[in-house]
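Peer 1: After the sequence you'll find the predicted model.
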Amino acid sequence: MSDLVFNLPNEYTQQGWQSNKEARLEELRVRAKEFGTVDAKGIKPAGAPFPLASPESGYYGIPLLKQPQWNPGIPVYFFVGGAAGAAAVIGAIAHWTGRDEKIARDARLIAAIGAIVSGGFLISDLGRPARFLNMLRMFKPQSPMSMGAWVLTGFGTFSSAAATAQILADRFGFGAFRILGNMAEGFSALFGLPFSSYTGVLIGATVIPVWNHNVRTLPFHFGMSGMNAGVSVLEMMGNVSSRPLNRIGILSAAAETYEGVELELKRDPVVNEPLKHGASGWITRIGGILSGPVPLALRIAAEFSGNRRSRQLRRVAASSSIAGSLLTRVGWVQAGHASAKDWRLPLKQKEQARVQPMQSQEEFPRLRKTS
Amino acid sequence: MTTTAFLTDSTLCIGCKACEVACKEWNDIAEDGLNYTGFSYDNTGAVGHSTWRHVKFIEAAPQVGSGGNAPDQASWAFSSDVCKHCEVAGCLEACPTGAIVRTEFGGVFVQSDVCNGCSYCVVSCPFGVVQRNEADGRAFKCTFCYDRQKAGLKPACATACPTESIKFGPIEEMRVAADNRIEELHQRGMLDAQVYNPTDTSVQGLHALFITRGDPRQYNLPPQPEVPTTYLSDAWKSSALAAGVLVLGSLFAFLGSARR
């Protein structure tokens, strides 16, 4: 009797094969003589049964789509860009309406610093950062990345011009600096508008299911998140007693609350799963709470509180909004990674197919001749 | 120049991976891991920045008429995957530098000397083909052997294929060849043989056709590939709404307050 016999997996002996008995050998001989073959299960390799490819699991569940290859700086870029763009718009409007010079001045600074920082993040993510300017050899409206590069360039140019003119005007007091600064401020606000929400378009118009599924609301969501953060950064720079700023904050926090509630109520369990479960789900949820209901309640309370109390409440609201806005971007990008890994999604036939499947006997509608 | 196309026939493929080797050697692509995925005899998993041809080994549920298989055993098919060179290509639309272009042969080509590695094409390809090589920084994918086609040669994979599973030629001829082959296979009783060429989606057809047995989804060929530009108008409308709320909200807030 060799060792091999005793090393056989239990299941073979459980089946009643007395593999270590003389009788079994006799049985094998008889069967082989009689039928020409011997029925036996053979030895199961480790890991059996092996996975199969199928219409449901695709190619062994290997993800069909590639995950985004952006580095962790990209969600920060989304956050900084959103805040800076919105701040530029708010500042310019505060200036033009003649209501608040301090907000206008602070906004120029935020916009300039934000543009430079976000430009740094974007360029550092490029595989070949030295070739950033290659983006400016094309103007391609159908590519959100191209539009973004142009908007970032325009915003960076004019916001830093506005901030520089501001500093020079303060120092030397030339009227020309003021005029140039005001013009630059106008253009900075013009570019700030798309800059605050285009990142929603950037990730919405991709093949990543969780992003393109929410493409109708994502840019608005990101825009409101940027508006929230822009207001909050302005408040953190000492504008906590500006009533209009608080009201803008109420508006954006209300919009964010609405977005959060809508997202929670959506009944599409498979596609939006990464927004509700797992790490990305938690980050998105916490981000949503911090940028939606929390600042909304605090800001409404601040509207009806005394000066000192109001300032305290608004500082808390601003911190919460900034953290929430950043977490929202991180959560959505993480959700994109989780979504790309989910092999089920691109294999799903969309319900609202543009062309009705042919009434063929086969279940797969793409069964057709090509000519 | 004539528009050319691949026709990859899984019913002829023997899984020898000559196309993978030929592609790697001709295009001088780096080795990217000598691993087994554990899924049949596949050791590359998917096409990527350094795998431009990828032979899939599809062990699927038993199929009737699946030549020679015992009825209780899984059917085993091979299929060489490649960039689909879409009629409307997501990567090409998305590329902000203009590095990705359409060649005179109808292929989609990444110009490595222009690509700045923004990796936006990666999330714009509905087939998950193009990928950024993190070591190099740029995005890579099948070139459709542009250099060889320029010289009047067939792509390396099609040349090396020993069974004519990878056919190459003018796209009209390939479409006819695909239809003829399907007819032939159907006559032989392989009623589940079909051409994969999603012409009724926004991709509007491929320059790399595939003949598969059974549902193309088990070959990881998506039933409804969409070019992401189809989402653009919805996205920009939503962005415009955000801009409107920002401007009007700020205007009302400031105009409704006292001067400071």
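Peer 2: Perfect, I can see it now.

Peer 1: Every contact and neighbour count from this point should use C-alpha atoms.
Peer 2: Fine.

Peer 1: tell me the contacts of the residue of the stretch 251-371 of chain A found nearest chain B?
Peer 2: Closest approach between the stretch 251-371 of chain A and chain B, counting by CA to the nearest CA: residue A:347, at 5.1 Å. Applying CA atoms under 8 Å, 6 or more residues apart in numbering or on different chains, we find residue A:347 in contact with A:55, A:56, A:58, B:217, B:220, B:221, B:222, B:223, B:224.

Peer 1: And it, how close does it get to residue A:338?
Peer 2: Using CA to CA, to the nearest Å, one gets 16 Å for the distance from residue A:347 to residue A:338.

Peer 1: Give me the neighbour count for residue B:248.
Peer 2: 13 (other CA atoms under 10 Å in any protein chain shown).

Peer 1: In a helix, it, correct?
Peer 2: Yes: according to DSSP: H, G, I helix; E, B strand; the rest coil, residue B:248 belongs to a helix.

Peer 1: what's the distance between it and residue A:91?
Peer 2: 13 Å.

Peer 1: Which of the three states applies to the closest residue in space to residue B:17 that isn't next to it in sequence?
Peer 2: Spatial nearest neighbour of residue B:17, excluding adjacent residues (CA to CA, 6 or more residues apart in numbering or on different chains): residue B:55 at 6.2 Å. Under three-state DSSP, the three-state class of residue B:55 is strand.

Peer 1: Quick check: beta-bridge partners of residue B:55?
Peer 2: With beta bridges defined as DSSP bridges, residue B:55 has these partners: residue B:80.

Peer 1: and it, how many residues sit next to it?
Peer 2: 27.

Peer 1: so what pLDDT did it get?
Peer 2: Listed pLDDT for residue B:55 reads 94.

Peer 1: pretty sure it contacts residue B:80?
Peer 2: Yes: using CA atoms under 8 Å, residue B:55 is in contact with residue B:80, at 4.1 Å.

Peer 1: Give me the common contacts of those two.
Peer 2: Contacts common to residue B:55 and residue B:80, judged by CA under 8 Å, 6+ apart, are residue B:15.

Peer 1: check contacts around residue B:256.
Peer 2: residue A:244.

Peer 1: And for residue A:57?
Peer 2: Here residue A:57 is in contact with A:343, A:344, B:218 (criterion: CA under 8 Å, 6+ apart).

Peer 1: Now neighbour count, pLDDT and distance to residue A:231 too, for these, in TSV please.
Peer 2: As requested, these are exported to TSV (neighbours: other CA atoms under 10 Å in any protein chain shown; pLDDT from 0 to 100; distance: CA to CA, whole Å):
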residue	neighbour count	pLDDT	distance to residue A:231
A:343	20	89	40
A:344	19	88	40
B:218	24	90	50
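
Peer 1: Out of those, name the ones that lie in strands.
Peer 2: When DSSP state E is applied, those are split such that none fall in strands.

Peer 1: export the residues you listed to CSV and tack on distance to residue B:13?
Peer 2: Converted to CSV, those look like this (distance: CA to CA, whole Å):
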residue, distance to residue B:13
A:343, 25
A:344, 27
B:218, 16
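
Peer 1: Which single one of these is nearest to residue B:86?
Peer 2: Among these, residue B:218 lies closest to residue B:86 (CA to CA), at 20.3 Å.

Peer 1: list the contacts for the nearest residue to that closest one once chain neighbours are set aside?
Peer 2: Closest residue in space to residue B:218, ignoring its immediate chain neighbours: residue A:58 at 4.2 Å, by CA to CA, 6+ apart. Counting by CA under 8 Å, 6+ apart, residue A:58 touches A:343, A:344, A:347, B:217, B:218, B:219, B:220.

Peer 1: Next, the buried residues of the helix or strand hosting residue A:110.
Peer 2: Residue A:110 is located in helix A:101-125, with elements delineated by DSSP states H and E. Using 16 or more other CA atoms under 10 Å in any protein chain shown as the test for burial, helix A:101-125 gives A:101-119, A:121-125.

Peer 1: near chain B too, which of those residues?
Peer 2: Contacts with chain B within those, counted by CA under 8 Å from any CA of the partner chain: residue A:125.

Peer 1: low pLDDT regions in the chain?
Peer 2: If you meant another chain, say so; for now it's chain A. Scanning chain A for pLDDT under 70 picks out A:1-20, A:40-45, A:47-48, A:350-371.

Peer 1: if you could check chain B rather than the one you did, that'd help
Peer 2: In chain B (pLDDT under 70), the answer is B:63-73, B:259-260.

Peer 1: so where do the strands sit in it?
Peer 2: Under DSSP E, chain B gives strands at B:4-9, B:53-60, B:75-82, B:100-102, B:108-110, B:131-132, B:139-140, B:166-170, B:193-196, B:208-213.

Peer 1: and for the first one, what are the contacting residues?
Peer 2: Residues from elsewhere that reach strand B:4-9 (CA under 8 Å, 6+ apart): B:79-81, B:105-107, B:165-171, B:174, B:178, B:207-212.

Peer 1: Give me the buried subset of the residues you listed.
Peer 2: Counted by 16+ other CA under 10 Å, the contacts of strand B:4-9 give B:79-81, B:105-107, B:165-169, B:171, B:174, B:178, B:207-212 as buried.

Peer 1: got the end-to-end distance for stretch A:69-78?
Peer 2: Using CA to CA, the two ends of stretch A:69-78 sit 15 Å apart.

Peer 1: Could you tell me which residues within it count as buried?
Peer 2: A:69, A:70, A:73, A:74, A:75, A:76, A:77, A:78.
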